[in-house]
Each structure stands twice: as structure tokens, then as C-alpha cells.
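Engineer: Next comes the sequence, and after it the predicted model I'd like to discuss.
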Amino acid sequence: MSASEITVQSSGLSGLEATYEAANADGNTFTNDGKTLIHVKNGGGSDITVTVDSPVQCNQGFTHDPTVVVTAGENRFIGPFPPSRFNSEGKGSVSYSGVTDVTVAVIKVA
């Protein structure tokens, strides 16, 4: 299997009741315009690490992928992601150290 794309949902003044998808064991991609966040919910019994692919060097000249630990039973908002660093062909990419009971939504802040 390969990484699957998650549909971006838009937030605005009228609010957003986000829908969540199961995290893909091979990672997820999403359209990223720099106003995009990912919301990861870890409903599992173990901590997971979320890794955001950074195909371009950061402003300090290093290529490194940021990681965020989402502890068991908790959730994290991650982002936004500057396209100049985090995009490859207009898309961001994220992977997970575990996906059991992990769901994710991609939200664009209007």
C-alpha cells in the first residue's frame, strides 16, 4: 500500500465539525497552501510519533523532519507548514510510528 491523500477541510467563521480518517500505516499526504494544520487523535494505549516530511532544508541549512509525540489517549494540532519547506509537488506528507486507533483530520484555517 502507499500513502493515501486526506481531504482538506476548511474552517471559517461558521465553524467546522471536522471528520477524521484512520491514519494510514504508509503515511498520508495532503494539499498544503501554508494555512494547513493536521489534527492527530491517538485513541490507542501507546504513545506514537508523528513525522512531517521536510524535503527542503530549514532556514538554518539542515534537512530534518520535525517529529511530534502524541501521547496515548491524547491529541495534537500540528502545523502550519510553510510550503517552501514542506511541500513536494504541492503536497505535504506525514507518517506515524503506529496507527492503531489513530485518526487524523487536515484543516485549512481560512
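Structural biologist: Thanks, I have it.

Engineer: Next SSE downstream of the helix or strand bottoming out on mean pLDDT in the chain?
Structural biologist: Ranked by mean pLDDT, DSSP states H and E, the helix or strand of the chain with the weakest confidence is helix 83-86, at a mean of 94. Moving toward the C-terminus from helix 83-86, the first helix or strand encountered (DSSP states H and E) is strand 91-96.

Engineer: who does that following strand touch, helix- and strand-wise?
Structural biologist: strand 28-31, strand 36-42, strand 48-52 (3 or more C-beta pairs under 8 Å, 6 or more residues apart in numbering; DSSP states H and E). Glycine gets a C-beta too; all of them are placed from N, C-alpha and C.

Engineer: redo that, cut-off 10 Å
Structural biologist: Contacts of strand 91-96 with other secondary structure elements, assessed using 3 or more C-beta pairs under 10 Å, 6 or more residues apart in numbering; DSSP states H and E, are made with strand 28-31, strand 36-42, strand 48-52, strand 67-70, helix 83-86, strand 102-109.
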